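Asks: I'd like to go over a predicted model; first the sequence, then the structure.
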Amino acid sequence: MPAFPRAEIEEMLRRWIAANDEAGPKGDWSKMPSFFTEDAIYSWNNGPRTEFVARGRKQIAEWAFGSEMAGLEGWIYPYVRTLIDDQRGEVICIWRQIAPLEDPDGKPYEIAGTGGSWFRYAGNYQWGWQRDFFDHGNAGAVFGAMIQNDQMNDVMLERMKKGSKMPGWVRRKEFDWYDTIVDREA
């Protein structure tokens, strides 16, 4: 028997993607934290030494959709594929990362590689956790090109100077995402 009815998970995903599609062009991510439980965890890897971790809806709002999105206003993250495991109540989504600026060839900057999110549905149209993955090497190349072409905004330049001193960034040994979010019994 499924953890949640598939139709409910599909509706959650429809709502989430609609909110994402509205938030990106506006640069207003303020509605997104309401899709998480009060005790949710949102994380992603920042390379060999660091992880980003937001614990609880407040940190998710302030860090994941606040300080981590600062300087990325107008970027869009269109979803291109979704996979639902209704037995576990988990979802994998693949998305793109596209800047509102064009490179010297007239094409929008886009972070190549695969970007995505792995979610666990917690009921009541909320996620219990989210784990993002994307290609850091390609992200660095795009940001480097934007800097070289004098197209990087001051907010993002300041964020890049702070590096691992950004809110929510922890050493990998301080957060084992696998032990924290993966149900090993399944």
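Replies: Nice, thanks for sending it over. Residues are numbered from 1 along each chain as shown.

Asks: what packs against the longest strand along the chain?
Replies: Using DSSP state E, we find that the single longest strand of the chain is strand 36-45. Secondary structure elements in contact with strand 36-45, counted by 3 or more CB pairs under 8 Å, 6 or more residues apart in numbering; DSSP states H and E, are strand 50-55, helix 56-59, strand 127-133, helix 177-181. (Each C-beta comes from the backbone N, C-alpha and C, glycine too.)

Asks: Select, out of the ones you listed, the one closest to W16.
Replies: strand 127-133 (7.9 Å; CB to CB).

Asks: Run the chain-centre distance for the helix or strand following that closest one.
Replies: Per DSSP states H and E, the first helix or strand lying C-terminal to strand 127-133 is helix 136-148. Here helix 136-148 shows a centroid-to-chain-centroid distance of 18 Å under the convention CA atoms, centre = their mean, to the nearest Å.

Asks: same thing with stretch 118-135?
Replies: Worked out by CA atoms, centre = their mean, stretch 118-135 lies 10 Å from the chain centre.

Asks: pLDDT averaged over it - what is it?
Replies: Stretch 118-135 carries an average pLDDT of 96.

Asks: again with stretch 56-75
Replies: 96.

Asks: repeat for stretch 87-104
Replies: Mean predicted lDDT for stretch 87-104 stands at 96.

Asks: Show the end-to-end separation of it, please.
Replies: Terminal residues of stretch 87-104 lie 47 Å apart, using CA to CA, to the nearest Å.

Asks: quick check, A19 in a strand?
Replies: No. Assessed with DSSP: H, G, I helix; E, B strand; the rest coil, A19 is helix; it does not lie in a strand.

Asks: Now the most centrally placed residue in the chain. Nearest residue, chain neighbours left out?
Replies: Centroid-nearest residue in the chain: D132, 5.1 Å away (criterion: CA atoms, centre = their mean). Nearest residue to D132 in three dimensions, chain neighbours excluded: W44, at 3.8 Å (CB to CB, 6 or more residues apart in numbering).
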